[in-house]
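> predicted model follows, preceded by the sequence.
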Amino acid sequence: MNAELVYVHDPMCSWCYAFEPLRERLFSALEGRLPVRRLLGGLAPDSDAPMPLAMREKLQQTWRHIEQVVPGTRFNHAFWQDCEPRRSTYPSNRAVIAARRQDPAGDGRMTARIQQAYYLEARNPSDDSTLIELADELGLEAERFAHDLVAEETRQAHLEEMMQARALDIYSFPSLAVLCDGVPRHLALNYTDLDFLLQQIDAITGSRP
């Protein structure tokens, strides 16, 4: 049986940020046992419009809820006063793709840097200027990154990953699915219990640690 774990996320998804500590432990536990493929989902398309007040209030409530239900997760709520939020996450998704082109580990490194900037440093990853600054801080070639960030090839790569996720019937993030001989088996998520996830994977693949 050919099997792999597919992880679908968005760098500006607050639940993905909350899942990140357990995601790291899961990937480490599966190393050498099951290949892992990361896909960018894309929560919200490009927009220059300020985020509507109702959406701002909803996301602030989500941040507070996550802090209550996922131990150790922190948010810098100053973001909502210091930045002009927009409902636009596609730029951050493209930033991850642009980072991959320079660094084999760019997917994880750029995702983590975007999350840190957004959720802890009150910086806005919907802005290309912020993303270019983050690439420079990661030691990437900023000029090349800035070109790749807006390149049509990058936009197409992101659209293709979103289509792959939708072909697996994945529309929310984070999501995990084990792909067995091309057939997806979706996992129930838990944000604190590694064994809960591993037991589902073992049941699907028939493997044991």
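Alright, I've got the coordinates.

> right, and residue 44 touches residue 92 too?
No. Here residue 44 lies out of contact with residue 92, judged by CB atoms under 8 Å, at a distance of 9.9 Å. All C-beta atoms are positioned from the backbone trio N, CA, C, and that covers glycine.

> spit out the residues that contact these two alike.
In terms of CB atoms under 8 Å, 6 or more residues apart in numbering, residue 44 and residue 92 are both contacted by the residues residue 12.

> higher neighbour count, those two?
residue 92 (31 against 19; other CB atoms under 10 Å).

> is it true that the more buried one touches residue 123?
No. Using CB under 8 Å as the test, residue 92 is too far from residue 123 to be in contact (11.3 Å).

> okay, now the unreliable bits of the chain?
207-209 (pLDDT under 70).

> any chance you could map the strands in it?
Under the criterion DSSP state E, strands of the chain are mapped to 3-9, 36-40, 175-180, 183-186.

> now the angle from the longest one to strand 36-40?
What that stands for is strand 3-9. 30 degrees (axes from the mean of the first three to the mean of the last three CA atoms, to 10 degrees).

> direction included, what does strand 3-9 pair against?
The pairing partners recorded for strand 3-9 under DSSP bridges are strand 36-40 (parallel), strand 175-180 (antiparallel).
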